[in-house]
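*Asks:* sequence? don't have it. structure:
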């Protein structure tokens, strides 16, 4: 903890001159700063905990950086998923300075104030051909789990709501609403050599009951709430089955 605080103070000292001149708070190299078509070897080493991805799930084989993508197994699309997290130095800086707004801005790996699992999808030549964003339910201090499915609305809007083709999928056996809400949607958009996919889920799966049948108490976490977003350069979206 003392090491982190020292790093935060050093970072503040480096950032302070710019802030004093009215140039604003420090900025983080983020997910959207990486262009599709970029070489994995050329992406700045601004992140931490690189690993092979598991289709938006927890990290698998640790990596030293995006350049180690070939160690990961190819998906059906032929692309390899590399998971990463945001560096937490700016979060510790904000805590050291007791800046509540910046603490919220820089805490964890998040997008639009939603905790997320981020990954890039890289082809065999080392070129970034896709992105993947999946909500992460492990951080209710950042966002209540029940809200996670709503991240899809922000991501769809980011790429304009026009020209999306959306469908509400039917409930499978055992899937029931949470209260009166049942969300199971899939949206796709294609154009300008890109394909986008957004999936939102909010319902109870088979076996997830509102009340414990033995005690009668509410099962307040017995539901699914999630967003999955993927973005591909042609023709990888079709190869992924979108």
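*Replies:* That came through, no problem. Computed from a predicted structure; not experimentally measured. Numbers count the residues shown, from 1 in each chain.

*Asks:* So residue 179 versus residue 48, what's the distance?
*Replies:* Going from residue 179 to residue 48 by C-beta to C-beta, to the nearest Å gives 39 Å. Just so you know, the C-beta spots here come from the backbone N, C-alpha and C atoms, and that holds for glycine as well.

*Asks:* what about these two, which has more around it?
*Replies:* More crowded of residue 179 and residue 48, by other C-beta atoms under 10 Å: residue 48, with 12 against 9.

*Asks:* State the distance spanning the first to the last residue of stretch 175-183.
*Replies:* Using C-alpha to C-alpha, to the nearest Å, the end-to-end distance of stretch 175-183 comes out at 11 Å.

*Asks:* Could I get the buried residue list for it?
*Replies:* Of all the residues in stretch 175-183, those buried under the rule 16 or more other C-beta atoms under 10 Å are 175, 178, 183.

*Asks:* Pull the contacting residues for the last one.
*Replies:* What that stands for is residue 183. 149, 200-203 (C-beta atoms under 8 Å, 6 or more residues apart in numbering).

*Asks:* Those residues in strands, which ones?
*Replies:* 200-203 (DSSP state E).

*Asks:* Low-confidence stretches in this protein?
*Replies:* Residues of the chain that meet the criterion pLDDT under 70 lie in 1-25, 92, 214, 216, 218-220.

*Asks:* Check which residues of stretch 28-46 are buried.
*Replies:* 28, 31, 34, 36, 38, 40, 43.

*Asks:* Would you map out the domains in this structure?
*Replies:* The chain breaks down into these domains under automatic domain parsing: 1-125, 144-242.

*Asks:* Throw these into JSON lines and include distance to residue 134, thanks.
*Replies:* Listed next are the domains of the chain as JSON lines, based on distance: least, C-beta to C-beta, whole Å:
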{"stretch": "domain 1-125", "distance to residue 134": "3"}
{"stretch": "domain 144-242", "distance to residue 134": "5"}
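
*Asks:* Would you mind saying which of those domains lies nearest residue 135?
*Replies:* Nearest to residue 135 among those is domain 144-242; the distance by C-beta to C-beta comes to 4.0 Å.

*Asks:* Now do the end-to-end distance for that closest one.
*Replies:* Taking C-alpha to C-alpha as the criterion, the two ends of domain 144-242 lie 29 Å apart.

*Asks:* same check, this time on stretch 70-90
*Replies:* Across stretch 70-90, the terminal residues are separated by 30 Å (C-alpha to C-alpha).

*Asks:* What of stretch 28-37?
*Replies:* 21 Å.

*Asks:* Just the residues contacting it, thanks.
*Replies:* In contact with stretch 28-37 (C-beta under 8 Å, 6+ apart) are residues 43-44, 46, 86-87, 90, 106, 111, 118, 120, 127-131, 133, 194, 231, 233.

*Asks:* quick one: contacts for residue 172?
*Replies:* Residue 172 is in contact with residue 206, counting by C-beta under 8 Å, 6+ apart.

*Asks:* One more: the one 3 residues further on?
*Replies:* For residue 175, the residues meeting the contact criterion (C-beta under 8 Å, 6+ apart) are 182, 184, 203-206.

*Asks:* With residue 66 instead?
*Replies:* 40-41, 43, 50, 82, 84, 120, 122, 128.

*Asks:* of all those, which two lie farthest apart?
*Replies:* Farthest apart among the contacts of residue 66 - using C-beta to C-beta - are 41 and 84, which lie 14.9 Å from each other.
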